[in-house]
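[1] Pasting the sequence and the predicted coordinates here, then a few questions.
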Amino acid sequence: MIATFRPCTLSGTISAPPSKSMAHRYLIGAALSGQKCVISGVDYSEDILASIDCLRALGCSITTDQDTVTVEPTEFLKIDPNVLECRESGSTLRFFIPLALCLNKKVTLTGSERLLERPLNVYEDLCKENGFYYKKDGKSISLCGQLKSGTYKVRGDISSQFITGLIFALVFLGEGSEIEIIPPFESKSYINLTISALKSFGAKVCFADDYKIEIKKSQLRSFSGKIEGDYSNAAFLDAFNYIGSDIKIKNLNPSSLQGDKVYLEYFKAIALGTPELDISDCPDLGPVLFALAALKNGATFTGTNRLKAKESDRGKAMYDELKKLGGELIIGDNTIIVPKQQLSYNGTVLSSHNDHRIAMAMSVILSKTGGSIDGADAVKKSYPDFFNDIKHLKAEVEIK
């Protein structure tokens with residue numbers, strides 16, 4: 001799919017899409033509860049559909065009605081699953097591997113080639129240490145083991161999704177457990193989201209100190225509620241405001257624990273000068289921050305190494321696309337510098353690199369320069385209505 005922009009400014013009022021991060025967590029929490037739960041405000045992005053498919057394969061009865069999901073998990077983790085299809089969702093893959101290890105039966109997880117290239121060392125090491133079967137190739141991961149309650153040590157400088165996945169499994173196992181985090185500890189905010197969601201179902205999970213998570217024996221209960229708005233995707237909408245648009249964004253919880261809420265501070269810093277910003281706790285904001293810095297006075301970003309292991313190598317992808325617009329991006333050791341620059345479209349079609357956040361970040365830039373981006377349908381991974389929403393806000397964009 002190709003999206004072609006004419007230079008434009010946007011205006012109007014829009015609701016932020018529901019949080020994908022919270023939807024994953026509440027749907028899995030509902031499954032762990034063992035009781036009927038109703039979760040509303042769900043956006044059926046490709047990633048969320050992948051988690052729903054995996055929950056069904058593991059024995060949950062799930063029905064959907066508009067934005068509402070009803071989960072009846074009476075058979076959750078009590079049946080022999082078929083293949084768990086994770087599509088392109090890193091969250092789904094990393095959340096469901098530990099749950100699959102609760103079965104003591106061989107389970108195969110599949111996904112896109114790029115997904116299976118992303119690091120899984122934490123789980124591979126866990127399987128080796130416990131004598132579990134683990135086999136990974138370019139098309140799937142097969143494993144078999146009986147995970148047990150206990151104490152686990154996990155590096156804190158890797159994706160928080162590994163820690164969240166382990167928390168889910170240890171809550172399911174139902175006995176007291178601990179996870180010790182080996183510092184430095186990045187993306188702690190995502191662990192707080194996990195703990196917050198699980199507490200809604202009665203799970204007793206908390207930080208005993210800065211580097212230790214306690215999972216206590218709990219009596220889980222049914223919960224029904226609504227998913228809050230997503231700061232991660234709202235950032236791509238709000239970015240238009242910093243280049244001349246006038247958009248009002250609703251459905252954002254000012255008390256949210258979402259780490260990507262920090263974009264509010266970072267956007268202001270970029271608008272006011274040439275800041276140095278640490279994105280180690282908010283790597284999903286990288287592309288939109290780079291885009292905004294390129295349109296303003298530049299910035300320096302630290303904590304960028306994890307961008308290499310996303311849907312694309314996001315630093316390299318942004319470098320490639322800015323270069324097509326006459327721009328520049330300097331990639332260093334865990335650092336990316338976006339110099340002050342003048343961007344213009346010369347007729348070369350840009351690429352999304354099959355990455356939803358690259359597609360949305362470059363859309364912000366193209367609203368100023370005009371031009372086209374191929375692979376724009378990558379937005380379906382997290383924000384399938386992105387182009388419809390910005391059209392509603394008077395973006396001059398044609399989709400083919």
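    The structure has been received and is ready for your questions.
[2] Please state the backbone phi and psi of Gly12?
    phi 130, psi -170 (degrees, to the nearest 10).
[3] Now it. Nearest residue, chain neighbours left out?
    Leu393 (4.6 Å; CB to CB, 6 or more residues apart in numbering). (Each C-beta comes from the backbone N, C-alpha and C, glycine too.)
[4] Three-state assignment for Leu277, please.
    Three-state call for Leu277 (DSSP: H, G, I helix; E, B strand; the rest coil): strand.
[5] Hmm, Ala269 and it touching each other?
    Yes - Leu277 is within contact range of Ala269, at 6.5 Å (criterion: CB atoms under 8 Å).
[6] anything in contact with each of the two?
    Ala299 (CB atoms under 8 Å, 6 or more residues apart in numbering).
[7] Contacts for the lowest-mean-pLDDT helix or strand in the chain next, please.
    In the chain, no helix or strand scores lower on mean pLDDT, DSSP states H and E than helix 113-117, which sits at a mean of 93. If you take CB under 8 Å, 6+ apart as the criterion, helix 113-117 is touched by 86-90, 93, 136-141, 311-312, 354.
[8] Flag every buried residue along that helix.
    Leu115, Leu116 (16 or more other CB atoms under 10 Å).
[9] distance between that helix and the chain's centre?
    Centre-to-centre, helix 113-117 and its host chain are 16 Å apart (CA atoms, centre = their mean, to the nearest Å).
[10] again with stretch 329-349
    24 Å.
[11] List the contacts of it.
    Against stretch 329-349 from outside (CB under 8 Å, 6+ apart): 2, 274, 286, 290, 293-305, 307, 315-316, 318-319, 322-328, 365-366, 368-374.
[12] what about it, start to end distance?
    Start-to-end span of stretch 329-349 (CA to CA, to the nearest Å) is 19 Å.
[13] buried stuff in that stretch?
    Leu329, Ile331, Ile336, Ile337, Val338, Pro339, Gln341, Leu343, Tyr345.
[14] and what of stretch 278-285?
    Quick answer for stretch 278-285 (16+ other CB under 10 Å): Ile279, Ser280, Asp281, Cys282, Pro283, Asp284, Leu285.
[15] Mind pulling up the pLDDT for the closest residue to Glu228 other than its chain neighbours?
    Counting by CB to CB, 6+ apart, the nearest residue to Glu228 once its immediate chain neighbours are dropped is Asn253, at 4.6 Å. Looking at Asn253, its pLDDT reads 97.
[16] So what's the residue count around Asn253?
    14 (other CB atoms under 10 Å).
[17] Could you double-check that it sits in contact with Ile227?
    No - with contact defined as CB under 8 Å, Asn253 does not reach Ile227; the gap is 10.4 Å.
[18] Counting by contacts, list what the helix or strand where Thr194 lies packs against.
    Assessed by DSSP states H and E, Thr194 sits inside helix 188-199. Where contact means 3 or more CB pairs under 8 Å, 6 or more residues apart in numbering; DSSP states H and E, helix 188-199 is packed against helix 20-33, helix 160-173, strand 204-209.
[19] ranking these by burial, who's on top?
    Highest mean neighbour count of those: helix 20-33, a mean of 26 (counted as mean count of other CB atoms under 10 Å).
[20] starting at the chain centroid, how far to it?
    14 Å.
[21] try stretch 354-362
    13 Å.
[22] next helix or strand past whichever strand or helix holds Thr64?
    Secondary structure from DSSP H and E places Thr64 in strand 61-65. Next along the chain after strand 61-65, taking DSSP H and E as the criterion, comes strand 68-72.
[23] Burial check on the nearest residue to Pro287 once chain neighbours are set aside, number of neighbours?
    The shortest distance from Pro287 to any non-neighbouring residue, by CB to CB, 6+ apart, is to Ala361 (3.7 Å). Under the neighbour criterion other CB under 10 Å, Ala361 is assigned a count of 29.
[24] Verify the contact between Ala361 and Leu285 for me.
    No - the criterion here is CB under 8 Å, and Ala361 misses it with Leu285 at 9.7 Å.
[25] pretty sure Glu214 belongs to a strand, no?
    Yes - going by three-state DSSP, the assignment for Glu214 places it inside a strand.
[26] what are the bridge partners for it, then?
    Glu214 has these beta-bridge partners by DSSP bridges: Glu178, Cys206.
[27] So it is in contact with Val205, correct?
    Yes - with contact defined as CB under 8 Å, Glu214 counts as touching Val205 (7.1 Å).
[28] tell me the average confidence for the strand holding Thr64?
    97.
[29] One more: stretch 285-293?
    Rounded mean pLDDT across stretch 285-293 is 98.
[30] now it, how far from the chain's geometric center?
    In terms of CA atoms, centre = their mean, the centre of stretch 285-293 is set 16 Å apart from its chain centre.
[31] ok, Gly326 to Ala376 distance?
    With distances taken as CB to CB, to the nearest Å, Gly326 is found 21 Å from Ala376.
[32] Which one's more surrounded, the two?
    Just comparing Gly326 and Ala376: by other CB under 10 Å the higher neighbour count belongs to Ala376, 25 against 13.
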